[in-house]
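Q: Need the 3D shape of this:
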Amino acid sequence: MPIAADRPNLDCAALGDNARGVYAVHIINNGATREATVSGIPAGVKQMHVYVTDAVRGMQLMTTKGVVDGNVRFLLEGQAFTSLISETDSSP
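A: Sure thing, here's the model as predicted:
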């Protein structure tokens with residue numbers, strides 16, 4: 001899926017299964033911790049789980065954020081790999 005970052009020191013990738021409504025966004029932040037917004041999240045996605053991997057954490061669930069009007073806002077940890085994974089209606 002197409003995705004682009006509009007700030008320096010960020011690299012990202014997005015994957016999705018439209019048929020199942022499951023999506024993932026991966027962000028590498030080589031800069032400082034900062035507030036971030038991912039926009040363009042497909043309709044029907046209500047929440048995104050935010051996981052962080054860095055020198056001391058491995059895919060640690062940090063928070064679950066609500067999606068509002070296709071946008072999710074969260075704290076993007078510095079010097080870390082962040083994964084946002086959608087929650088579907090069938091998720092536990």
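
Q: Could I get the contacting residues of the residue nearest to Arg34 when sequence neighbours are not counted?
A: The shortest distance from Arg34 to any non-neighbouring residue, by Cβ to Cβ, 6 or more residues apart in numbering, is to Leu76 (5.4 Å). C-betas here are computed from N, CA, C, even on glycine. Applying Cβ atoms under 8 Å, 6 or more residues apart in numbering to Leu76 gives the contacts 27, 29, 33-36, 82.

Q: ok, now with 7 Å
A: 27, 29, 33-34, 36, 82 (Cβ atoms under 7 Å, 6 or more residues apart in numbering).

Q: Okay, and the spatially closest residue to Asn9 that is not a sequence neighbour sits in which element?
A: In this structure, Asn9 finds its nearest non-sequential neighbour in Gly31, 3.3 Å apart by Cβ to Cβ, 6+ apart. For Gly31, there is no host helix or strand (DSSP states H and E).

Q: Neighbours of Gly31, how many?
A: Residues near Gly31, counting by other Cβ atoms under 10 Å, number 13.

Q: In this structure it contacts Ala80, no?
A: No. Contact criterion Cβ atoms under 7 Å: Gly31 and Ala80 do not qualify, at 10.2 Å.

Q: ok, back up a step: tell me which of the contacts of Leu76 is nearest to Met48?
A: Thr82 (10.6 Å; Cβ to Cβ).

Q: now the strands: where do they sit in the protein?
A: 10-17, 22-29, 34-39, 47-53, 60-66, 71-76, 80-87 (DSSP state E).
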